[in-house]
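Enquirer: sequence first, predicted coordinates after that:
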Amino acid sequence: MDWNLIKEGLLIMLKGMTGIFVVMLVIYLFIHLLSWISNKKAKEEEN
């Protein structure tokens, strides 16, 4: 077993996981922001 190869594989996997996590976080925040904006607009229309 070549440890350098295993280390590189793990690093690539870790980077991929981090990338997926960041994308999911951005999507979550974007949806949260959109719902907040629509709620704010709905409240302004009621008044």
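Expert: Good, I have the coordinates. Numbers count the residues shown, from 1 in each chain.
Enquirer: how close does residue 33 get to residue 14?
Expert: Applying Cβ to Cβ, to the nearest Å, the value for residue 33 to residue 14 is 28 Å. For every residue, glycine as well, the C-beta is placed using N, CA and C.
Enquirer: tell me the confidence at residue 1?
Expert: On pLDDT, residue 1 comes in at 73.
Enquirer: tally of neighbours for it?
Expert: Each residue near residue 1 was counted by other Cβ atoms under 10 Å, and the total is 4.
Enquirer: please renumber so the chain begins at 3
Expert: Sure, I'll start counting at 3 from here, so that last one is residue 3.
Enquirer: separation between it and residue 11?
Expert: As judged by Cβ to Cβ, residue 3 and residue 11 stand 11 Å apart.
Enquirer: try residue 38
Expert: When residue 38 is compared with residue 11 (using Cβ to Cβ), they lie 41 Å apart.
Enquirer: and if you look at residue 48?
Expert: Per Cβ to Cβ, residue 48 is found 56 Å from residue 11.
Enquirer: looking at those two, which is more packed in?
Expert: Comparing residue 48 with residue 11 by other Cβ under 10 Å, the one with more neighbours is residue 11, at 10 against 6.
Enquirer: that one: which element?
Expert: Under the criterion of DSSP states H and E, residue 11 resides in helix 5-48.
Enquirer: and that helix, how far from the chain's centre?
Expert: Distance of helix 5-48 from the chain centroid (Cα atoms, centre = their mean, to the nearest Å) equals 1 Å.
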